[in-house]
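**Q** Here is the input, now give the coordinates:
(chains A, B and C)
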Amino acid sequence: MSVDKTTVAKIARLARINVPDKRLEPLAAELNGILNWIAELDEVNTETVQPLASVTGHALPMRDDVVTDGDRLNDVLSNAPEGASGFFVVPKVVE
Amino acid sequence: MSDLVKGSTGDWEVVIGLEVHAQVTSNAKLFSGASASFGAAPNENVSLVDAAMPGMLPVINRECVYQAIRTGLGLKAQINLTSVFDRKNYFYADLPQGYQISQFKDPIVGEGSLRIVMADGNTRDIGIERLHLEQDAGKSMHDQHPSKSYIDLNRTGVALMEIVSRPDMRSAAEAAAYVRKLRSILRYLGTCDGNMEEGSLRADVNVSVRRPGGPLGTRTETKNLNSLRFIQMAIDYEVVRQIEIIEDGGEIDQETRLFDTSTGRTRTMRSKEDAHDYRYFPDPDLLPMVVSQDEVDALAAALPELPDEIRDRLMGEYGLSAYDASVITEERDTARYYEAASEGYDRKLVANWMTVELFGALNKSGKSLDDCPIAPEQLGALVGLISDGTISGRIAKDVFADMFETGKSAANIVDEKGLKQVSDSGAIEALIDQVLAANQDKVEDYRGGKDKLFGFFVGQVMKQSGGQANPGMVNQILRSKLDRV
Amino acid sequence: MADLLDLNAVEAREALDKKAISAVELVTAYVGAAEATSALNNYVVLTADHALAMAADADKRIAGGTAGLLEGLPIGVKDLFCTKGVSSTACSNILKGFTPPYESTVTANLWAAGGVMLGKLNCDEFAMGSGNETSAFGPAINPWQGNDKTNLVPGGSSGGSASAVAARSALMATGTDTGGSIRQPAAFCGVVGLKPTYGRCSRWGIIAFASSLDQAGPFTRTVADNALMMTAMASHDAKDSTSTQTPLQDLMGAVGAGVKGMKIGVPREYVMDGMDNEVVRLWEQGQAWLKDAGAELVDVSLPHTKYALPTYYIIAPAEASSNLARYDGVRYGMRVEAETLDGMYEATRAAGFGDEVQRRIMIGTYVLSAGYYDAYYLKAQKVRRLIKQDFDTAFEKVDALLTPATPSAAFPVGRKIDDPVTNYLNDVFTVPANLAGLPGIAVPGGLTSDGLPLGLQVLGRPFDEASLYRVAGVIEAVAGFTQTPARMAGGTA
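**A** Numbers count the residues shown, from 1 in each chain, chains lettered A, B, ... in the order given. Reported below is the predicted structural model:
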């Protein structure tokens, strides 16, 4: 499996990273280098192996249904690049 | 099948599946300690976890998990003791993490079913494919500023249940009945308030058409419908649109559509080519979620009686019609009112008075059962006065209107206004004699064969009695006097 | 001044308790040391006033007899930890100006134990790197120099932490380790670095790189100091669902307990092509030391070792691609304005993330994307299980494993690498422990012929950090690693 310019552009779009056209080709080469290297895993037989997502071995802890947070507008908004009347503000979203 | 739709080239069968998003009733959010309540000032119910501050981590709210299990039990569904939370990755202004925590491969609830009742009393079982827990998104507001959108994260992270049906529905009416029934079950269980206006319950509708019994057609998904009416309108519009396209030789695009409430039409939101690539993978901040069979059993044991069970009882024991039983059991409060009102009285008659007079009056006055001026026992007592002949059904309507207005008991009103039915045969005979004497010509006509005039005489006698004469006795005595030649 | 800096943490604690020195004096010396060695660029924020205020409070508690475990000890914090009211950026432009209104659990634990925050330490951007060269603040420099005196990397990603502890501009430092980011820089800088068992230290408030691998740990000059700091850092945290409730062992007691009767595994797969001969020699030396100290050496096999790096370079970027989606210019950090929301996202993330971070986000996005998930991510998760099973099997026979910490000593800053994969190979000995969630410690073993430190790594069973300290304590005692780097505060060079 290897990626071409179009695929790199598609991935960049999915990741919301603006990649200039002239960077697509070199980036494809870099990514292919990595992908070829990780393709080494193909030689491992994993037919009967269950995937391992978590190593802790304990089950998900649960908390009680109690309101313990919120009501901290300043903490929430103080780092925002743009805000107004208690809202975050972004360029207009058109649906 | 009566639900087939006629096109210009023949009949079409409609295939509908629904994905309902129901907000879980809980104090706090699914993965944070912020309040899940409505109506706060912007970004007030937001924790640092909800705002996806760097290094913040999710911890699950047990009650939300239990609510999902209760709902699963109410849908007679399989409860999965181990389930997994995945990340659904996409960028949006009101999705601070850049992913929604959801359940993709291993949901907490598996297959179940839900019984719908149509207006004709027919029932159908609609398959439930799955139910999973996920986070709600925030709110983007687009009207505050010409070139900006404003973001409020109060809803961000509130727990939702996504309940996915099988494509088992065949008409807009069935889809509406499904949502109504689902809402009813959720409200009985107390797992979702079902408030569609506030968005606590909203549906994505998958619609396709096919030749009866033929292979499935390509479906479209219309997103985020928040009323029963819009659900039906969107389906009706889609059905007509799809049939027209196919009959004109076109093909249906598999796409996501939006419903425009002002025009009643659906329009393309995004096509299959633009479909998101959500890159689901197990959330590494969370571990597989395990609940014990004991926990599930305890939740099951504590479930309230559900509408289907009550409905079966009302039909089986009380002899109510399927329709009345469904209407009465749709809401838990209504069912409770009915049980209290009909206790000790004619069950069918109380049902009738409830569904027609009471609901009518509530509707007209814009009141709900909560602030109904007539207590259940008072309605029962009114029906009791009819049953024992104290008042006639017609008088009862006036008494009812008075009760609704004043909150007084039926007996009081009947006493105060002297509305007691006259069942004294002598008094009724005297009334009849008066009426016959005043209408000698009509008596002749009747005896000459104009049978229909009988009703006229009954009406006159009732009028003379101020509606208080016992109608059965009036009929009987009148007939014997008129037919005595 | 210089003798204050000579004290290790355990010694400094004694001197403080005996009132031989004050916390203010000690902290003042370290602030001076940080300023004197600023050319090493290991601090990105020096919070001198804050440190002195904390030191004054520490002196009061010492005087009042309520001194905590780390009372008065000056500690540097990797910039990956969120610190309340102090800029926290993961050394990325995208978090420029971000001041958290919260304190990470780990640092909160340190301050609760009386520790004093000196400032924030340089690291690779979002902890992605092995040389501290991807930092938006420029590279941190290793205080050690070879004969040619060129600037060397301190390793990464916790390069500033290792550099500061080695240069004595911090007595202790926090780090995080996702694929070796504590152990590799510790080895490069000749200090002790522990990556605890996954779940041992809370991840709450630490800027995430790869959630299933990230783990915080201590950098110190000695093994005993390390056990001391670790004892204060670790806690069960209800705010982190992956945090463990397994009680912490007596780590301080383990340091001098020796290795008599312990079975130490030597994994035969840890001999790699292109490995430095001096690294192999130190590894053999380490085996001999432990044998002499009464341990039994056992040859073990970890057959899937060679697949650990490719597995890691699927899982870590995949998780990172998702973890870093929140840096979108909306709620904090940098924003590059644009007409549309997507335009703003794309411009902000292109300008805010450096090349290596972008590369890893792209790889991670790709391996999770439709049609490739099974071939890459799912496959990697399966191999991850095999790697863990290798360790499980080995730990049925042995109590700990001894391996080299790195395949080479520190390399020059700015070394031209065309192929990113070459850089990734730095983590070859450290990554398997992250995949399996095991604890690992790097402890200095000696110098190369060029005068650069080399480290040994000890790996243990989950939640058995005590065994690591036993083994590391012996290595430290026998190796007699007392050399100090050329560019050290108060040093002669």
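**Q** Low-confidence stretches in chain A?
**A** Applying pLDDT under 70 to chain A flags residues A:1, A:95.
**Q** Let me see the ranges of the helices in it.
**A** All helices of chain A, identified by DSSP state H, fall at A:5-14, A:21-38, A:73-77.
**Q** And the stretch 251-400 of chain B, by the same measure?
**A** Assignment of helices within the stretch 251-400 of chain B using DSSP state H, counting those that start in this stretch yields the ranges B:293-301, B:307-318, B:322-329, B:332-342, B:347-353, B:359-365, B:376-387, B:393-406.
**Q** Hmm, B:Val46 is touching A:Asp75, no?
**A** No. Applying Cβ atoms under 8 Å as the test, B:Val46 and A:Asp75 come out as separate, 9.0 Å apart. All C-beta spots, glycine's among them, are computed from the backbone N, C-alpha and C.
**Q** picking up where we left off before, with distance to chain B and mean neighbour count as extra columns, can I get the helices of chain A in a markdown table?
**A** As requested, the helices of chain A are exported to a markdown table (distance: least, Cβ to the nearest Cβ, whole Å; neighbours: other Cβ atoms under 10 Å in any protein chain shown):
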| stretch | distance to chain B | mean neighbour count |
| --- | --- | --- |
| helix A:5-14 | 6 | 18 |
| helix A:21-38 | 16 | 16 |
| helix A:73-77 | 5 | 17 |
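**Q** how about those, which one is nearest C:Gln381?
**A** For the helices of chain A, the distance to C:Gln381 is smallest for helix A:21-38, at 13.2 Å, taking Cβ to Cβ.
**Q** and that closest one, what other elements does it pack with?
**A** The criterion is 3 or more Cβ pairs under 8 Å, 6 or more residues apart in numbering or on different chains; DSSP states H and E, and the helices and strands that helix A:21-38 contacts are helix A:5-14, helix C:308-323, helix C:355-368, helix C:420-424.
**Q** roughly how far apart are the residue nearest the centre of chain A and B:Leu73?
**A** If you average the C-alpha coordinates of chain A and look for the closest C-alpha using Cα atoms, centre = their mean, you land on A:Ala15, 6.8 Å from that point. Using Cβ to Cβ, to the nearest Å, we find A:Ala15 at a distance of 41 Å from B:Leu73.
**Q** Smallest gap between chain B and chain C, at which residue?
**A** Relative to chain C, the nearest point of chain B is B:Gly98 (2.3 Å; Cβ to the nearest Cβ).
**Q** ok, now which ones touch that residue?
**A** Listed by Cβ atoms under 8 Å, 6 or more residues apart in numbering or on different chains, the contact partners of B:Gly98 are B:52, B:89-91, C:322, C:324-326, C:328.
**Q** please redo it, this time with the cut-off set to 6 Å
**A** Contacts of B:Gly98 were listed using Cβ atoms under 6 Å, 6 or more residues apart in numbering or on different chains, and they are B:91, C:325-326.
**Q** which residue packs closest to it, ignoring adjacent ones?
**A** Residue nearest to B:Gly98 in three dimensions, not counting chain neighbours: C:Ala325, with 2.3 Å by Cβ to Cβ, 6 or more residues apart in numbering or on different chains.
**Q** Local confidence estimate at the one you found?
**A** On pLDDT, C:Ala325 comes in at 98.
**Q** Name the residues of the lowest-mean-pLDDT helix or strand in chain C that are buried.
**A** The least trusted helix or strand in chain C, going by mean pLDDT, DSSP states H and E, turns out to be helix C:420-424, with a mean of 79. Under the neighbour-count criterion of 16 or more other Cβ atoms under 10 Å in any protein chain shown, helix C:420-424 has C:420-421, C:423-424 buried.
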